[in-house]
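1. Fold the following, please.
(one chain, ligands or ions: 2)
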Amino acid sequence: METPGNLFVVAAPSGAGKSSLVKALLELDSHLQVSVSHTTRSPRGQEQHGREYWFVGKDEFARMVERNEFFEWAEVHGNRYGTSRPAVEARLMAGEDVVLEIDYQGALQIKQLFPHAVLIFILPPSWGELEQRLRRRGEDEPEVIATRMANARHEVDQARHFDYVIINALFETALFDLKTVVHSQRLKYAAQRRAKSSVFAALNLV
Ligand SMILES: Nc1nc2c(ncn2[C@@H]2O[C@H](COP(=O)(O)OP(=O)(O)O)[C@@H](O)[C@H]2O)c(=O)[nH]1
Ligand SMILES: Nc1ncnc2c1ncn2[C@@H]1O[C@H](COP(=O)(O)OP(=O)(O)O)[C@@H](O)[C@H]1O
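-> Ligands and ions are numbered 1, 2, ... in the order given. Next up is the predicted model:
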């Protein structure tokens, strides 16, 4: 599906710093909006319904799947997560840029639907640092951290299907890389649209 807005998809193993990076990016970039996903996971300490996620029960999630209300959904670390169709579609059609913070399964589904979507994978500098970050975040029980570390091996292996890989060692450097990807895509997409318009013809450039 071709849309006037750009679609960015950011995925990472749990604890790599994806949410922190996207939050910082949104604070710097008023043209970018994040899509709030639905999940069957329980809220963590500071999380608010409608801000980090729409927290729903398993039955409600299943009903939404049946009604085809998700662009994509997947089971991740034992819970279900999905991107609601209406919000994203309306924004992209209105020419706004949207970022999805989803797992690799969702990212690959999105690429099928929106071939122009830009897939960005965030990597931690090492396995040890990944585990440290999960512990330092202090939001998950040890067994939840263990599940996330076990799943991280397979998730990292999926980075090869992505358009860009950013290593989040130094936060500011990774944020700069992320901003650069977003900026480059905007320039590229704008140039493609201009090439299709009559501007170049009028200037005798094509
Ligand atoms: N496919 C899909 N994955 C999602 C969606 N929302 C969040 N996720 C992913 O689900 C995984 C777990 O997210 P979360 O429970 O917030 O834990 P965290 O990654 O450790 O902060 C992460 O990989 C998220 O990117 C969604 O709408 N669709
Ligand atoms: N570059 C970094 N260096 C050190 N700690 C980081 C860095 N990026 C993120 N963190 C910290 O790591 C933890 C996990 O980050 P978070 O954004 O929640 O990860 P994710 O959304 O990928 O699960 C948080 O406590 C966050 O403050």
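2. ok, which residues in this structure are in contact with ligand 1?
-> Residues of the chain lying near ligand 1 by Cβ under 6 Å from any ligand atom: 11, 14-15, 19, 37, 41, 72-74, 76-77, 81-83, 101-103, 105-106. Every residue, glycine included, has its C-beta placed from N, CA and C.
3. Quick one, which of the residues you listed are buried?
-> 11, 14-15, 19, 37, 41, 72-74, 76, 81-83, 101-103, 105-106 (16 or more other Cβ atoms under 10 Å).
4. now this protein, which segments are flagged as low pLDDT?
-> 198-206 (pLDDT under 70).
5. Let me see the ranges of the helices in it.
-> 18-28, 58-66, 85-93, 104-113, 127-137, 142-157, 171-196, 199-202 (DSSP state H).
6. Out of the ones you listed, flag the one nearest G5.
-> Checking these against G5 by Cβ to Cβ gives helix 85-93 as the closest, at 4.0 Å.
7. With just CA atoms, put the closest one into CSV.
-> Only the C-alpha atoms of helix 85-93 are listed here, as CSV (Å, rounded to 0.1, in the frame of the first residue of the first chain):
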residue,chain,number,x,y,z
ARG,A,85,-5.3,-0.7,11.8
PRO,A,86,-7.5,2.5,12.0
ALA,A,87,-5.1,4.7,13.8
VAL,A,88,-2.0,4.0,11.6
GLU,A,89,-3.9,4.0,8.3
ALA,A,90,-5.5,7.4,8.9
ARG,A,91,-2.2,9.0,9.9
LEU,A,92,-0.3,7.6,7.0
MET,A,93,-3.0,8.7,4.6
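8. Tell me the buried residues in that helix?
-> Within helix 85-93, the residues that qualify as buried are V88, R91, L92, counting by 16+ other Cβ under 10 Å.
9. Out of the residues of the chain next to ligand 1, name the ones that lie in strands.
-> If you go by DSSP state E, the residues of the chain next to ligand 1 have A11, S37, E72, W73, A74, V76, Y81, G82, T83, E101 in strands.
10. will you turn the residues you listed into CSV that also has distance to M149?
-> Putting these into CSV (distance: Cβ to Cβ, whole Å) gives the following:
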residue, distance to M149
A11, 17
S37, 22
E72, 25
W73, 24
A74, 19
V76, 14
Y81, 19
G82, 24
T83, 25
E101, 20
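11. So which of the helices of the chain is the most surrounded?
-> Mean neighbour count (mean count of other Cβ atoms under 10 Å) peaks for helix 104-113 among the helices of the chain, with a mean of 18.
12. How far away from the center of its chain is that one?
-> With Cα atoms, centre = their mean, to the nearest Å as the basis, helix 104-113 stands 10 Å off its chain's centre.
13. Please work out which residues outside it touch it.
-> For helix 104-113, contacts defined as Cβ atoms under 8 Å, 6 or more residues apart in numbering pick out 1, 7, 9, 11, 71-74, 76, 81-83, 100, 102, 117, 119, 121, 155, 158, 161-162.
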